[in-house]
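Student: what follows is a predicted protein model with its sequence.
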Amino acid sequence: MIVGCVKEIMNNEFRVGIVPDHVNMYVKAGHSFLIEKDAGLEAGFTNEEYEKAGAKVIDNAQEVWERSEMIIKVKEPQVSEYELMKENQIIFTYFHLAANRKLTLELLKRKVTAVAYETITDEDGRLPLLKPMSEIAGRLSIQEGAKYLEKQFGGSGVLLSGVSGVPRGKVLVLGAGVVGQNAVRTAVGLGAYVVVMDKNMERLEELDMLYQTSVQTVFMTEGALLRELDSSDVIVGSILVPGENTPKVLRKEHLKLMKPGSVIVDVAVDQGGCAETSRPTTHDNPIFIEDGIIHYCVSNMPGCVPFTSTNSLVNATMYYGLHIAGAGIETAAQFDPHLALGINCYQGHLTHKGLAHSLEMTYTDLLSLMKE
């Protein structure tokens, strides 16, 4: 298979979809690999390193798109890339289509095979390709929340760790999945007072066992949430329903209950966000203020730490990409039902049930299509 990787063009997205060591694995498996010039430079990988690994470095993205049977990326195709997608081409990346009807329609119209990192599962129903970026985003959420509490950004001026004789700040984490767990870990490390809410008692029990009295766990109900809002300095939105829009647990009227200058870090914004008032922002312009509450809603948070996040991501995606390239998408999907769950679009059809539900579009069973 001819496999390609292009430079990411999303605002301040410095990650790259593959590293030289992994290019070499594709080449040794008998595949050809094309990479756009300077695609990995910001993540710490030179064109020469890719060439040494066996890739052909291409001067422009258009040629990579034209020649490649499968494109490996980090973030979903941007509007300027839509016209470069072609029929039967496999695109292997994060898509988060539940919050992007326009891209979904383009993929269907162009009959692209969209394989989404974020909906591939493992045997236990976990999301192995989402996990590495969730770990990083969870840790970054506390860094960013702490920063935007500073007065020059419009924050309340609270130091999360506190100091002798002055109370520490409070972090409220909504959702105890991978993002939430990593947010808790970082917030505890800073010395903040930490409350985490979830409806999954098993996750709450794990956090209780791990952190003992350092973390307060609370079963999530609307009443319980309302009781926490007025004392929280940073709220981390980390709720995930795979392939579907995130539930809006923070409504606009809730902002009036919060302390002026407090911060919402909505990590779930790429799936629509936990807060009704959230909208995607960029690293160039990361925050906005509504009703006195700072909203940080950058949809590609790990892009600001590209060396760490690229290496973590490609370690997770490598097996699946090689499997698709070696077996072909049909055979790979038929023999691996967990990989099949990652195929959101195929031959002009929507093939992920949760995504179809969120977008109120027609769902078609993938394996039935492949048997036709």
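Tutor: Yes, it's here.
Student: and Arg11, what does it touch?
Tutor: Heads up, residue 11 is Asn, not Arg. By C-beta atoms under 8 Å, 6 or more residues apart in numbering, the contact set of Asn11 is 282-284, 300. In this view, the C-beta of every residue, glycine as well, is placed from N, C-alpha and C.
Student: just curious, which of the residues you listed is nearest to Gln212?
Tutor: Nearest to Gln212, judged by C-beta to C-beta, of the contacts of Asn11 is Asn300 at 34.7 Å.
Student: dihedrals phi and psi, the closest one?
Tutor: Dihedral angles of Asn300 (phi, psi; degrees, to the nearest 10) stand at phi -130, psi 60.
Student: any idea of the pLDDT on the residue nearest to Leu359 when sequence neighbours are not counted?
Tutor: In this structure, Leu359 finds its nearest non-sequential neighbour in Arg101, 5.8 Å apart by C-beta to C-beta, 6 or more residues apart in numbering. Note on Arg101: pLDDT of 96.
Student: how near is Arg101 to Pro77?
Tutor: Per C-beta to C-beta, to the nearest Å, Arg101 is found 14 Å from Pro77.
Student: so where do the helices sit in the chain?
Tutor: In the chain, the segments counted as helices under DSSP state H are 20-28, 47-53, 61-67, 101-109, 131-148, 178-190, 201-211, 222-229, 306-327, 329-335, 337-340, 353-359, 366-371.
Student: can you tell which of those is closest to Glu123?
Tutor: Using C-beta to C-beta, the nearest of the helices of the chain to Glu123 is helix 337-340, at 7.0 Å.
Student: tell me what that closest one is packed against?
Tutor: helix 306-327, helix 329-335 (3 or more C-beta pairs under 8 Å, 6 or more residues apart in numbering; DSSP states H and E).
Student: if we go to 6 Å?
Tutor: Packing partners of helix 337-340 (3 or more C-beta pairs under 6 Å, 6 or more residues apart in numbering; DSSP states H and E): helix 329-335.
Student: for the helix it packs on, which outside residues touch it?
Tutor: Contacting residues not belonging to helix 329-335 are listed as 90, 113, 323-324, 339-340, 343, 370 [C-beta atoms under 6 Å, 6 or more residues apart in numbering].
Student: now it, how far from the centre of its chain.
Tutor: Helix 329-335 has its C-alpha centroid displaced from the chain centroid by 25 Å (C-alpha atoms, centre = their mean, to the nearest Å).
Student: what of stretch 128-140?
Tutor: Using C-alpha atoms, centre = their mean, the offset of stretch 128-140 from its chain centre is 7 Å.
Student: stretch 180-189 too?
Tutor: 18 Å.
Student: spatially nearest residue to Gly303 (excluding sequence neighbours)?
Tutor: In space, Gly303 is closest to Glu13, 4.3 Å off (C-beta to C-beta, 6+ apart).
Student: what about the one you found, neighbour count?
Tutor: 22 (other C-beta atoms under 10 Å).
Student: most distant residue from the centre of the chain?
Tutor: Most distant from the centre of the chain: Gly165, at 39.1 Å, with distances by C-alpha atoms, centre = their mean.
Student: which among the contacts of Asn11 gets closest to Glu290?
Tutor: Thr282 (17.1 Å).
Student: so the closest residue to the closest one other than its chain neighbours versus Val79, what's the distance?
Tutor: Closest residue in space to Thr282, ignoring its immediate chain neighbours: Asn11 at 3.9 Å, by C-beta to C-beta, 6+ apart. Going from Asn11 to Val79 by C-beta to C-beta gives 13 Å.
Student: same question for Asn285.
Tutor: Counting by C-beta to C-beta - Asn285 and Val79 are separated by 18 Å.
Student: pLDDT wise, what is Asp336 at?
Tutor: 96.
Student: from Gln181, how far off is the nearest residue to it once chain neighbours are set aside?
Tutor: Nearest residue to Asp336, sequence neighbours excluded (C-beta to C-beta, 6+ apart): His323, at 6.9 Å. Distance of His323 to Gln181, given as C-beta to C-beta: 28 Å.
Student: quick one: which of those two has more around it?
Tutor: With neighbours defined as other C-beta under 10 Å, His323 and Gln181 compare such that Gln181 has more, 21 against 17.
Student: for the more buried one, give me the pLDDT.
Tutor: In this model, Gln181 carries a pLDDT of 98.
Student: returning to that earlier point: what's the distance between the residue nearest to Gly303 and Met85?
Tutor: If you go by C-beta to C-beta, the gap between Glu13 and Met85 works out to 18 Å.
Student: how near is Thr331 to Leu366?
Tutor: 13 Å.
Student: show the pLDDT at the spatially closest residue to Thr113 that is not a sequence neighbour.
Tutor: Among residues not flanking Thr113 along the chain, Ile90 sits closest, at 4.6 Å (C-beta to C-beta, 6+ apart). Confidence at Ile90, expressed as pLDDT, is 99.
Student: what does Phe219 give?
Tutor: For Phe219, the predicted pLDDT is 98.
Student: can you pull up the bridge partners for it?
Tutor: Asp198 (DSSP bridges).
Student: for burial, what's the neighbour tally of it?
Tutor: Neighbours of Phe219 (other C-beta under 10 Å): 11.
Student: before we move on, back to that, residues in contact with the residue nearest to Gly303?
Tutor: Neighbours of Glu13 in contact, by C-beta under 6 Å, 6+ apart: 75, 300, 303.
Student: check Val3 too.
Tutor: Counting by C-beta under 6 Å, 6+ apart, Val3 has contacts 26, 31, 33, 70, 325.
Student: cool, and Val112?
Tutor: Shown in contact with Val112 (C-beta under 6 Å, 6+ apart): 85, 89, 91.
Student: for Lys73, give me its contacts.
Tutor: Taking C-beta under 6 Å, 6+ apart, we find Lys73 in contact with 17, 93.
Student: change it to 8 Å
Tutor: Contacts of Lys73 by C-beta under 8 Å, 6+ apart are 5-6, 8, 17, 91-94.
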